[in-house]
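S.K.: what shape does this take:
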Amino acid sequence: MFISNTEEEKKEMLKMIGVKSFEELVKQVPSKFLNPKFNLPDGLNEIEAYKKMKDLSEKNNALLSFVGGGVYERYTPAVVKHITQRTEFLTAYTPYQAEASQGILQTIYEYQSLMSELYGMDYSNASMYDGSTALAEAVKACVRISGKTKIIYSSIINPKYMDVVKTYFAGNKEYEFVSVPHKNGSVDLDKFNQLLDDKTACAVVSNPNYLGFIEDIEEFNKIAKSKNVLTVCMADPVSLAILKTPGEAGFDFAVGEGQSLGLPLSYGGPYLGIFTCKKQHLRQMPGRICGMTVDKDGKRGFTLTLQAREQHIRREKAPSNICSNQALCALSVTIYLTLLGKEGLKELALLNHNLAVYASKKLFEAGIKTKYDKPFFNEFAFDVENAESLRKNIACSKKIDIGITASELGEEFKNTVISAFTETKNEKEIDLYVSAIKEYSKSPAMKK
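M.R.: As a prediction, this is how the structure comes out:
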């Protein structure tokens, strides 16, 4: 539904926002995106469209991919897709009247229970759009709770996640974002301690960090708590089968990207944002909380006990006005984790780690060391000359994508590659990956 605005109404809104024109409001958007010109072909019938798409698909070049950086190529058991495609679950969008379906409510409840246990936290919502928005909402919650304006974060957290967080605060100049430098591939805890002050709303860290190395999250939280600062941990869900959980380390909020738990890559979505917190922060949690109860006959039942969206409470009291219950994605994660169980998830995590260890040893034999001598989970960083050119050349000639480059983190990482290793790879494929890096990194063309 579209409701038009009068010129007077437009002027009133622009005045309230604090700008003189609509053009000023959207000035940060590149002009080429404001009035795009589309060169669209004539329409096709079904047969023509099928042939066109088939021809296009044959141009695809499948690469052996070692790309990670927050989302990962993983194997999803067939049963996950089979169950989620049943008509009881395959809905067009969020089940707004979820009370009408005890089945949907139960899946939401089971998802919350699994996430709370996996992250070691008291409560989980169900759920957020993706990991980056979950992180942004956790930071917003800390700002609301503390009433403070300084956000301290690790310099080696995923930079794309932090871009999203900063976007949430872009319209208000009173908020300050301060990056904590790293020391040998992890947060410099001494510098972190020095940066904390009475203006600090929260401290943010990821584990493993963007480079793949494991942080001392317990000490990080301990330092923050000594200054009465709220803490947020962005944690890889698969790693939590073998690493200390944010709950065990004492964090106030713990978030993550749920794509690894039964969701395909799909060119960036739909994904799932994991959001968990301690009990005292429950009412700062966006989205839905589903509870289990009994009806008048003593039978078990499920109901939405907390809905902190703007549809349900006063807008100014709502934690978020864009969060959504990614119901089908949450169901996929629930089926995936139920299928694997505790031991299965631990076995998966160890398999990932062992493959990464195997790769690091093979690279070391080829004369390439990990960037820092630190423990890692399923990905790690290393330096090569002309990293971006090396990646492109290997992709074109060997059909292998060796990983992402870390230049977004700054000049010292311009020749740093981050490679990820999951259960979809084997030792033979890793040998091919190492052989390609060894061959091309020694090429005279790569030395220029």
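S.K.: any chance you could map the strands in the stretch 101-250 of the chain?
M.R.: Taking DSSP state E, counting those that start in this stretch as the criterion, the stretch 101-250 of the chain contains strands spanning 123-124, 150-154, 176-180, 182-183, 186-187, 200-207, 230-235.
S.K.: can you redo these as CSV with mean neighbour count, distance to Ala138 and mean pLDDT?
M.R.: Heads up, the C-betas are built off the backbone N, CA and C, glycines and all. Formatted as CSV, the strands of the stretch 101-250 of the chain follow (neighbours: other CB atoms under 10 Å; distance: least, CB to CB, whole Å; pLDDT from 0 to 100):
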stretch, mean neighbour count, distance to Ala138, mean pLDDT
strand 123-124, 20, 12, 96
strand 150-154, 23, 11, 98
strand 176-180, 17, 14, 97
strand 182-183, 18, 21, 96
strand 186-187, 24, 18, 98
strand 200-207, 26, 8, 98
strand 230-235, 28, 5, 98
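S.K.: mind putting those in JSON lines, distance to Met16 included?
M.R.: Shown next, in JSON lines, are the strands of the stretch 101-250 of the chain (distance: least, CB to CB, whole Å):
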{"stretch": "strand 123-124", "distance to Met16": "35"}
{"stretch": "strand 150-154", "distance to Met16": "26"}
{"stretch": "strand 176-180", "distance to Met16": "25"}
{"stretch": "strand 182-183", "distance to Met16": "42"}
{"stretch": "strand 186-187", "distance to Met16": "41"}
{"stretch": "strand 200-207", "distance to Met16": "26"}
{"stretch": "strand 230-235", "distance to Met16": "31"}
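S.K.: nearest to Tyr267, of these?
M.R.: Proximity to Tyr267 (CB to CB) singles out strand 230-235 among these, at 22.2 Å.
S.K.: list of residues touching the closest one?
M.R.: 119, 131, 135, 138-139, 142, 145-146, 157-158, 161, 201-207, 217, 220-221, 224-225, 243, 245-246, 249-256 (CB atoms under 8 Å, 6 or more residues apart in numbering).
S.K.: in helices only, show me the residues you listed.
M.R.: Taking DSSP state H, the ones among these that sit in helices are 119, 131, 135, 138-139, 142, 145-146, 161, 217, 220-221, 224-225, 246, 249.
S.K.: next one: stretch 216-230 to chain centre, how far?
M.R.: Distance of stretch 216-230 from its chain centroid, counting by CA atoms, centre = their mean, to the nearest Å, is 23 Å.
S.K.: repeat for stretch 412-425
M.R.: 17 Å.
S.K.: how far does that stretch stretch from start to finish?
M.R.: The first and final residues of stretch 412-425 sit 30 Å from each other (CA to CA, to the nearest Å).
S.K.: longest single helix anywhere in this structure?
M.R.: helix 327-365.
S.K.: report all helices and strands that it contacts.
M.R.: Other elements packing on helix 327-365 under the criterion 3 or more CB pairs under 8 Å, 6 or more residues apart in numbering; DSSP states H and E are helix 78-84, helix 102-119, strand 379-383, helix 427-441.
S.K.: for those, which one sits closest to Leu211?
M.R.: Nearest to Leu211 among the helices and strands packed on helix 327-365 is strand 379-383 (4.2 Å), distances taken as CB to CB.
S.K.: is Gly291 part of a helix or strand, or is it coil?
M.R.: strand (DSSP: H, G, I helix; E, B strand; the rest coil).
S.K.: now the most centrally placed residue in the chain: closest residue in space that isn't a chain neighbour?
M.R.: In the chain, the centroid-proximal residue (CA atoms, centre = their mean) is Gly131; its distance is 2.9 Å. If the residues on either side of it in the chain are set aside, Gly131 comes closest to Glu257, at 3.0 Å by CB to CB, 6 or more residues apart in numbering.
S.K.: who are the contact partners of the one you found?
M.R.: With CB under 8 Å, 6+ apart, Glu257 has these contacts: 70-71, 130-132, 134, 236-237, 271-274.
S.K.: how far away is Val384 from Lys369?
M.R.: 11 Å (CB to CB, to the nearest Å).
S.K.: before we move on, what about Asn158?
M.R.: 23 Å.
S.K.: more crowded one of the two?
M.R.: Asn158 (21 against 12; other CB atoms under 10 Å).
S.K.: which pLDDT value belongs to the residue nearest to Pro264 when sequence neighbours are not counted?
M.R.: Nearest residue to Pro264, sequence neighbours excluded (CB to CB, 6+ apart): Thr76, at 6.6 Å. At Thr76, the model reports a pLDDT of 95.
S.K.: any idea how far Thr76 is from Leu64?
M.R.: In terms of CB to CB, Thr76 sits 19 Å off from Leu64.
S.K.: Asp190 now?
M.R.: Taking CB to CB, one finds Asp190 at 41 Å from Leu64.
S.K.: more neighbours: which of the two?
M.R.: Leu64 (19 against 10).
S.K.: assign the closest residue to Ile289 other than its chain neighbours to helix, strand or coil.
M.R.: Closest residue to Ile289 apart from its sequence neighbours, by CB to CB, 6+ apart: Leu306 at 3.9 Å. What three-state DSSP gives for Leu306 is strand.
S.K.: kindly format the C-alpha coordinates of the helix or strand hosting Phe33 as CSV.
M.R.: Assigned by DSSP states H and E, Phe33 belongs to helix 31-34. C-alpha atoms of helix 31-34 as CSV (Å, rounded to 0.1, in the frame of the first residue of the first chain):
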residue,chain,number,x,y,z
SER,A,31,24.4,9.6,-7.7
LYS,A,32,24.6,6.7,-10.1
PHE,A,33,22.2,4.7,-7.9
LEU,A,34,19.6,7.5,-7.5
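S.K.: for the helix or strand following that helix, output the C-alpha coordinates as PDB.
M.R.: Counting by DSSP H and E, the next helix or strand C-terminal to helix 31-34 is helix 46-57. Provided in PDB are the C-alpha atoms of helix 46-57 (Å, rounded to 0.1, in the frame of the first residue of the first chain):
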ATOM      1  CA  GLU A  46       8.600 -19.600 -20.700                       C
ATOM      2  CA  ILE A  47      10.400 -21.800 -23.200                       C
ATOM      3  CA  GLU A  48      12.700 -18.900 -24.300                       C
ATOM      4  CA  ALA A  49      13.400 -17.900 -20.700                       C
ATOM      5  CA  TYR A  50      14.300 -21.500 -19.800                       C
ATOM      6  CA  LYS A  51      16.800 -21.700 -22.700                       C
ATOM      7  CA  LYS A  52      18.200 -18.300 -21.900                       C
ATOM      8  CA  MET A  53      18.800 -19.300 -18.300                       C
ATOM      9  CA  LYS A  54      20.300 -22.700 -19.300                       C
ATOM     10  CA  ASP A  55      22.700 -21.000 -21.700                       C
ATOM     11  CA  LEU A  56      23.800 -18.600 -18.900                       C
ATOM     12  CA  SER A  57      24.300 -21.400 -16.400                       C
END
